[in-house]
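Chemist: Predicted model and sequence follow; I will ask about them next.
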Amino acid sequence: MNQYHLLNRPNREITSEEEIAGILRNGKYAVISMCRDNEPYVVTLSYGYDPEAKTLYFHTSKVGLKLEFLRENPVVCGTVIEDGGYVKGVCEHVFRSVVFWGNMGVVTDAEEKKHGMSVLLTHLEQEDSVIKKYQLKAEGAYSRMEVLKLKITQIHAKAGR
């Protein structure tokens, strides 16, 4: 993949890997853009972040438009934004964001599917008892859902204000 120069204001660039990982750890939704035959598609999904693997996991139904797009073109671009809000009277916005590229596809290995759902649940849910209860209940649900894996190949981050 080409290296993209995204920032026309380099003073806003975030280069710390830990800070970039923090944005992904704190986020709850990612906006994912896909394309097939010059037709764009954008979807907002909750996710789980696996920092060691630099991977995002998502869950979805077994049929749908995003799966159709991914079958034809697994290369995606996405963003996660921490919105600190507009600052009135200053005409500025407080935020941190990441833009990332990678390959996204359906997890086929049963153990990785469980791992992906565990990452997702742990990322979103604070209560261990709720996570354990869902994981036990989910054993039968794995056959009725898909787990998607997005391996990040490139990432840029910036902050405002």
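Modeler: Thanks, I have the structure now.
Chemist: Quick check: which element contains the residue lying closest to Tyr142 once chain neighbours are set aside?
Modeler: Sequence neighbours aside, Lys113 is the residue nearest to Tyr142 in space, at 5.8 Å (criterion: CB to CB, 6 or more residues apart in numbering). Quick note: C-beta positions are derived from backbone N, CA and C, even for glycine. Assigned by DSSP states H and E, Lys113 belongs to helix 110-124.
Chemist: pLDDT on that helix, on average?
Modeler: The average pLDDT within helix 110-124 is 88.
Chemist: how about the CA coordinates for it, as PDB?
Modeler: Extracted C-alpha coordinates of helix 110-124, given in PDB (Å, rounded to 0.1, in the frame of the first residue of the first chain):
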ATOM      1  CA  ALA A 110     -13.300 -21.500  15.400                       C
ATOM      2  CA  GLU A 111     -10.700 -20.700  18.100                       C
ATOM      3  CA  GLU A 112      -9.900 -17.300  16.500                       C
ATOM      4  CA  LYS A 113     -13.600 -16.600  16.200                       C
ATOM      5  CA  LYS A 114     -13.900 -17.100  19.900                       C
ATOM      6  CA  HIS A 115     -10.800 -15.000  20.500                       C
ATOM      7  CA  GLY A 116     -12.200 -12.200  18.300                       C
ATOM      8  CA  MET A 117     -15.500 -12.200  20.200                       C
ATOM      9  CA  SER A 118     -13.600 -12.200  23.500                       C
ATOM     10  CA  VAL A 119     -11.600  -9.200  22.400                       C
ATOM     11  CA  LEU A 120     -14.700  -7.400  21.300                       C
ATOM     12  CA  LEU A 121     -16.600  -8.100  24.500                       C
ATOM     13  CA  THR A 122     -13.700  -7.200  26.700                       C
ATOM     14  CA  HIS A 123     -13.200  -3.900  24.800                       C
ATOM     15  CA  LEU A 124     -16.900  -2.900  25.100                       C
END
